[in-house]
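A.B. asks: Quick one: sequence and predicted model below, then my questions.
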Amino acid sequence: MLSHFNKTEHLYKYSYFLTNQDCFFHRYFDTGFKTKWTGLWKGNKKLVEFFAFRIGDTYLSESNCIKTSYNYVEAVHLHELDGKLFRQSVFIPREGAKLIIELQNEQEEAIEAELELAINTRFREENMHSRTYEVRKRPHSIEISSDIAKLFVMPISCSLEFEYAPAYKTHAPSNEQQCYFVPGRIILKGKRIALLLRADSKGIKSIAREKGLKKRTYGRFCSIIESDNKFLESAYRNAAINVAMLYAKKGFYAGLPWFLQFWSRDTFWSFNAFLFLGMHEEAKKCLAEFAKRQKNGRIPNYIAYNEIAYNSIDANPLFITALKNYVLFSADLAFLNKVLPKATLCIKALLGLRDSDGFIVHDLKENETWMDTLNRKQKAIEVEALFIKSLSDFAEIVSFVKKPSKKQRELAETCADLASELSKRFEKTFFEEKLNIFADRIVDNKKDLTKRPNALVPIMLRLSNKKDVLKLYESDEFLSEKGVRTLSKLDKSYAPYAYHNGQAWSLCTAWLACAEFASGRGRKGLAILKLLCKNFEQDAIGCIGECWDSESSTLLGCGLQLWGSAFIIRAIDEFMLGIRVNALKKELRASPKMLGMQKIAREIRIGRKLAKISFLKNKKGVQIKAPKWLKVVKDL
């Protein structure tokens with residue numbers, strides 16, 4: 001079920017990620033370690049800068065790598081050297097900070113290879129440093145340690161000879177100066193060389209067993225969808241694995257290789273994907289972690305290893321919506337009762353930011369929207385849309401409680417009334433009839449008519465049915481080969497390489513796909529979704545990236561981004577199939593758009609049960625099959 005990617009040309013263009021909850025490994029298809037972000041990482045600490053095998057006088061390198069295969073579990077590099085083929089593979093087990101490296105030749109002859117191993121234990125934020133290393137030869141391993149980390153080099157199915165010859169060196173991958181340490185000569189011999197690099201206390205018993213466990217882990221995410229539309233099936237499975245790859249015990253990294261923090265907006269924009277994928281426990285941990293760090297009613301913008309920031313205006317509304325959806329999927333009322341006081345503080349903090357017109361004011365002291373390189377005071381369109389959504393969602397949350405207090409009921413009523421009032425005034429406040437566009441924000445009671453993709457959010461959330469607006473984002477003015485630009489290319493501030501002033505973002509492209517589906521423009525939505533999914537075969541292979549130069553299509557952001565991947569799940573389940581779950585009522589509602597397919601089946605976790613939902617298209621329309629215990633309602 002796992003996708004297999006094979007490349008034989010232009011290997012230098014492509015990279016890959018191998019991950020588990022403890023570590024990740026990043027490398028290029030030609031075996032190069034081309035940036036300061038490639039190598040082996042454990043959380044926010046780098047461990048290995050690079051490694052390379054030398055056979056005789058020649059390294060297995062970019063110059064002789066002729067093919068690379070990748071399937072999320074393992075990467076296999078094929079080298080041709082003096083007429084012989086050598087197979088070099090790398091693999092990260094299901095758990096633990098470990099990397100397994102294997103080497104053998106296709107003739108299955110004995111090999112003698114020297115491994116050049118470059119160690120660089122540094123924090124994410126560091127570049128050059130003066131850290132020193134100690135090397136110890138253990139009975140069955142080499143231990144290399146610094147003041148912040150230890151790495152053990154252990155042979156699995158080969159002999160290892162070590163000659164201590166320490167050397168401190170520097171280089172400049174992608175023109176950024178880095179330092180590294182080579183402990184000495186590592187000579188490996190055997191028909192099949194297998195080596196373990198580990199930064200924790202546990203070894204492994206069987207490589208084959210570990211690979212099998214990892215394949216089953218990812219295979220579980222692949223098995224939850226089946227369709228005769230192989231594009232949708234494959235895209236969904238790849239996106240599901242992307243999401244799983246970014247989970248790191250207490251939350252989801254926003255992106256690899258450098259967003260090694262838990263960002264609230266990235267997490268909660270992606271949250272429904274976690275639920276559709278059955279990751280209820282992981283979703284719950286995200287809510288708990290952010291709720292625990294709440295300060296003065298504000299949910300953190302991000303949680304890092306040694307830092308917490310609170311400069312996010314959308315964290316609170318997104319948190320409230322995520323909490324509501326978690327309860328609807330899980331029926332976990334015990335957790336709701338525990339977290340409801342935090343959600344109450346969230347909504348009160350938002351209500352405290354209201355202007356005289358009822359909308360909230362932000363960005364007065366620092367940049368607080370997702371476009372955090374820009375100041376977008378005072379009322380950004382997507383912020384106000386999320387605020388309205390959170391008001392109605394909070395009122396719904398309180399309705400889940402068996403015996404809400406009088407104050408909770410009154411606050412819920414206030415929120416519901418305000419949501420209704422602001423919804424009615426939303427288009428009048430933000431829409432410019434003469435130009436048929438939405439304002440990006442309101443400043444001093446005036447519309448800022450800068451054209452940005454943030455107007456897609458209220459359409460996606462069904463706060464507005466101005467679907468003709470979508471034509472702007474479908475046009476060349478916004479839509480590039482890599483997706484939707486963050487600014488009209490006709491704007492004087494536009495630059496294709498500018499982060500929030502011209503780059504194409506997977507997030508914005510996904511917003512457009514979802515807005516198209518929400519507006520009843522299913523074929524357009526599917527076309528945009530296909531455009532987004534082209535990225536699985538480019539840049540970081542099998543992954544959805546963050547953002548690109550919208551003219552050259554050069555990847556400028558992370559190669560694996562959470563919300564870009566998660567929105568593929570949301571686009572298919574939530575917007576294309578129109579699935580809405582209510583585990584409290586044991587109910588599933590759907591409004592399926594069966595585009596380019598006759599059938600699709602989804603396995604969805606509802607409460608503590610798994611339900612297989614089948615959508616079958618026939619002459620009479622769409623038939624929905626589900627277990628008898630689940631009430632199914634087909635919405636028009």
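C.D. replies: Structure's in. What do you need?

A.B. asks: switch to C-alpha atoms for all contacts and neighbour counts from now on
C.D. replies: OK.

A.B. asks: List the contacts of residue 252.
C.D. replies: By CA atoms under 8 Å, 6 or more residues apart in numbering, the residues touching residue 252 are 246, 261, 262, 267, 286, 562.

A.B. asks: Tell me how far the last one lies from residue 571.
C.D. replies: Plainly put, residue 562 is 14 Å away from residue 571 if you go by CA to CA, to the nearest Å.

A.B. asks: Compare the two (neighbour count), which wins?
C.D. replies: More crowded of residue 562 and residue 571, by other CA atoms under 10 Å: residue 562, with 31 against 26.

A.B. asks: Residue 91: what's its closest spatial neighbour, skipping adjacent residues?
C.D. replies: Excluding its sequence neighbours, the residue lying closest to residue 91 (CA to CA, 6 or more residues apart in numbering) is residue 74, at 4.7 Å.

A.B. asks: Who are the contact partners of the one you found?
C.D. replies: 18, 89, 90, 91, 92.

A.B. asks: any idea how far residue 361 is from it?
C.D. replies: Computed as CA to CA, the residue 74 to residue 361 distance reads 48 Å.

A.B. asks: Okay, strands next: where are they in the stretch 51-200 of the chain?
C.D. replies: Shown for the stretch 51-200 of the chain, the strands assigned by DSSP state E, counting those that start in this stretch span residues 58-59, 65-70, 74-81, 84-91, 98-105, 111-123, 134-137, 142-145, 150-155, 159-171, 178-190, 193-198.

A.B. asks: Could I get these in JSON lines, plus columns for distance to residue 277 and mean pLDDT?
C.D. replies: Formatted as JSON lines, the strands of the stretch 51-200 of the chain follow (distance: least, CA to CA, whole Å; pLDDT from 0 to 100):
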{"stretch": "strand 58-59", "distance to residue 277": "43", "mean pLDDT": "97"}
{"stretch": "strand 65-70", "distance to residue 277": "23", "mean pLDDT": "98"}
{"stretch": "strand 74-81", "distance to residue 277": "23", "mean pLDDT": "97"}
{"stretch": "strand 84-91", "distance to residue 277": "24", "mean pLDDT": "96"}
{"stretch": "strand 98-105", "distance to residue 277": "26", "mean pLDDT": "96"}
{"stretch": "strand 111-123", "distance to residue 277": "32", "mean pLDDT": "97"}
{"stretch": "strand 134-137", "distance to residue 277": "44", "mean pLDDT": "96"}
{"stretch": "strand 142-145", "distance to residue 277": "39", "mean pLDDT": "97"}
{"stretch": "strand 150-155", "distance to residue 277": "34", "mean pLDDT": "96"}
{"stretch": "strand 159-171", "distance to residue 277": "42", "mean pLDDT": "96"}
{"stretch": "strand 178-190", "distance to residue 277": "39", "mean pLDDT": "97"}
{"stretch": "strand 193-198", "distance to residue 277": "30", "mean pLDDT": "96"}
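
A.B. asks: Could you dump these into CSV with distance to residue 395 added?
C.D. replies: Formatted as CSV, those follow (distance: least, CA to CA, whole Å):
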stretch, distance to residue 395
strand 58-59, 64
strand 65-70, 47
strand 74-81, 47
strand 84-91, 48
strand 98-105, 46
strand 111-123, 43
strand 134-137, 59
strand 142-145, 54
strand 150-155, 51
strand 159-171, 57
strand 178-190, 53
strand 193-198, 49
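
A.B. asks: Which one of the ones you listed lies nearest to residue 370?
C.D. replies: strand 111-123 (25.5 Å; CA to CA).

A.B. asks: Any chance you could give me stretch 602-620 in CSV, C-alpha atoms only?
C.D. replies: Output in CSV follows, covering the C-alpha atoms of stretch 602-620 (Å, rounded to 0.1, in the frame of the first residue of the first chain):
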residue,chain,number,x,y,z
ARG,A,602,-13.4,5.2,4.5
GLU,A,603,-12.6,3.7,7.9
ILE,A,604,-13.4,6.4,10.5
ARG,A,605,-13.0,6.2,14.3
ILE,A,606,-16.2,7.4,16.0
GLY,A,607,-15.9,7.4,19.7
ARG,A,608,-14.2,4.1,20.6
LYS,A,609,-15.5,2.2,17.5
LEU,A,610,-14.2,1.9,13.9
ALA,A,611,-16.8,2.4,11.2
LYS,A,612,-16.3,1.5,7.6
ILE,A,613,-18.3,4.0,5.5
SER,A,614,-18.8,3.2,1.8
PHE,A,615,-20.0,5.7,-0.8
LEU,A,616,-21.3,4.1,-3.9
LYS,A,617,-22.4,6.0,-7.0
ASN,A,618,-25.2,4.6,-9.1
LYS,A,619,-28.0,5.8,-11.4
LYS,A,620,-30.1,6.9,-8.4
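
A.B. asks: Can you give me the buried ones in it?
C.D. replies: Within stretch 602-620, the residues scored as buried using 16 or more other CA atoms under 10 Å are 602, 603, 604, 605, 606, 607, 611, 613, 614, 615, 616, 617.

A.B. asks: try stretch 21-30
C.D. replies: Buried, per 16+ other CA under 10 Å, within stretch 21-30: 21, 22, 23, 24, 25, 26, 27, 28, 29, 30.

A.B. asks: Looking at the residues you listed, spot the one nearest residue 164.
C.D. replies: Of all the buried residues of stretch 21-30, residue 25 has the smallest distance to residue 164: 26.2 Å, by CA to CA.

A.B. asks: Helix, strand or coil: sort out the closest one for me.
C.D. replies: On the three-state scheme (DSSP: H, G, I helix; E, B strand; the rest coil), residue 25 is labelled strand.

A.B. asks: In stretch 619-631, which residues are buried?
C.D. replies: For stretch 619-631, by 16+ other CA under 10 Å, it's 622, 624, 626, 630.

A.B. asks: who are the neighbours in contact with the third one?
C.D. replies: Contact criterion CA under 8 Å, 6+ apart gives 611, 612, 613, 614, 632 as the residues in contact with residue 626.

A.B. asks: Show me these that map onto strands.
C.D. replies: Counting by DSSP state E, the part of the contacts of residue 626 found in strands is 611, 612, 613, 614, 632.

A.B. asks: Just give the nearest non-adjacent residue to the most centrally placed residue in the chain, would you?
C.D. replies: Most central in the chain under CA atoms, centre = their mean is residue 562, positioned 1.2 Å from the mean C-alpha point. In this structure, residue 562 finds its nearest non-sequential neighbour in residue 254, 5.2 Å apart by CA to CA, 6+ apart.
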